[in-house]
Structure formats: structure tokens, C-alpha cells
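Undergrad: Just the structure for this:
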Amino acid sequence: MTGKNATDQLDISDGERLARLRLAMSNNFGPETRHQLIAHYGSAESALAELPGLASSAGAGRRIRIYPHQRALRDLNITHSLGGTLLTFGEVAYPAMLAQASQPPPVLFAAGRTDLLHA
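TA: Okay, the predicted model is just below:
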């Protein structure tokens with residue numbers, strides 16, 4: 001779905017993880033579009049940079065609202081302060097079995113022993 005097989009897993013940067021959260025939380029486009037954007041632009045960070053121009057040139061009837069950077073950062077900080085973590089589709093820590101689903105969730109908030117997700 002991201003241009004890679006579900007079994008291809010990446011180590012991603014904190015910036016890319018934050019960008020994937022922002023794409024997942026943005027309004028008025030679905031999971032397939034999100035995966036296509038990441039595949040086409042090579043990263044969520046690059047897709048986010050191009051999204052405003054794409055939305056305006058497409059003349060979309062519904063305005064795409066990109067989830068704000070500061071809000072996503074706050075969400076991550078709260079998650080970490082509670083002992084949680086964010087797992088995004090395609091990265092090493094994302095559960096391989098879930099990645100095989102026809103429409104896997106783009107992000108997972110998890111707490112506890114995430115290693116059990118791979119058991």
C-alpha cells in the first residue's frame with residue numbers, strides 16, 4: 001500500500017512518524033489516498049509539503065484540513081508521557097500480521113509490551 005510490500009519494513013525518523021500521524025488525522029481523504037500519497041512522494045513528510053497545492057489544483061469540493069503540526073506533537077508528547085508509543089504502517093515495530101490486512105490502520109497508539117504484537 002505504500003509502494004512496498006506489507007512485509008517490507010522501515011526504520012523511520014521521528015519527523016516522518018509525526019508526518020504520518022498528521023496525514024492519518026487529516027480530514028477529507030481516505031486511507032487509500034494516504035497510502036498513494038506516501039508511495040508517490042516517497043514519504044509522509046514530502047506528501048504533506050505537496051498536499052496544499054494538490055488540493056487547490058484539484059478544485060476539491062471539500063476542503064482538505066491538514067492536522068496541525070503542534071497538535072500532532074502534543075499528541076505524541078502526551079502518548080509518551082503515559083508510557084505509550086506510536087506505531088505507523090510500514091515501520092519495523094508495526095505488527096506484521098496487521099500490515100497484511102486489506103486496509104491496515106495507518107497509525108496505532110500502543111502501551112505496554114509492544115513486542116507481544118509480533119508473537
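Undergrad: Just give me the residue right at the centre of this structure.
TA: residue 20 (2.8 Å; Cα atoms, centre = their mean).
Undergrad: correct me, but that residue touches residue 44?
TA: Yes. Between residue 20 and residue 44 there is a contact under Cβ atoms under 8 Å: 4.3 Å. The way it works is simple: take the backbone N, C-alpha and C, and place the C-beta from them, glycine included.
Undergrad: what do these two both touch?
TA: Both residue 20 and residue 44 are contacted by residue 38, under the criterion Cβ atoms under 8 Å, 6 or more residues apart in numbering.
Undergrad: what about residue 77, how many neighbours?
TA: Residues lying near residue 77 (other Cβ atoms under 10 Å) number 10.
Undergrad: swap that for residue 98, please
TA: Residue 98 has 14 nearby residues by other Cβ under 10 Å.
Undergrad: Quick one: residues contacting the residue nearest to the centre of the chain.
TA: Residues counted as contacts of residue 20 (Cβ under 8 Å, 6+ apart) are 12, 38, 44, 88-89, 106-107.
Undergrad: Which of those fall in helices?
TA: With helices defined by DSSP state H, the entries of the contacts of residue 20 inside them are 38, 44.
Undergrad: The contacts of residue 20 into CSV, with extra columns for distance to residue 97?
TA: What follows is the contacts of residue 20, written out as CSV (distance: Cβ to Cβ, whole Å):
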residue, distance to residue 97
12, 20
38, 21
44, 23
88, 16
89, 13
106, 16
107, 17
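Undergrad: how about the strands of the chain, start to end?
TA: Assigned by DSSP state E, the chain shows strands spanning 84-88, 107-111.
Undergrad: Filter the contacts of residue 20 down to just the buried residues.
TA: Listed as buried from the contacts of residue 20 are 12, 38, 44, 88-89, 106-107; burial here means 16 or more other Cβ atoms under 10 Å.
Undergrad: Skip the chain neighbours and tell me the closest residue to residue 71.
TA: The shortest distance from residue 71 to any non-neighbouring residue, by Cβ to Cβ, 6 or more residues apart in numbering, is to residue 25 (7.9 Å).
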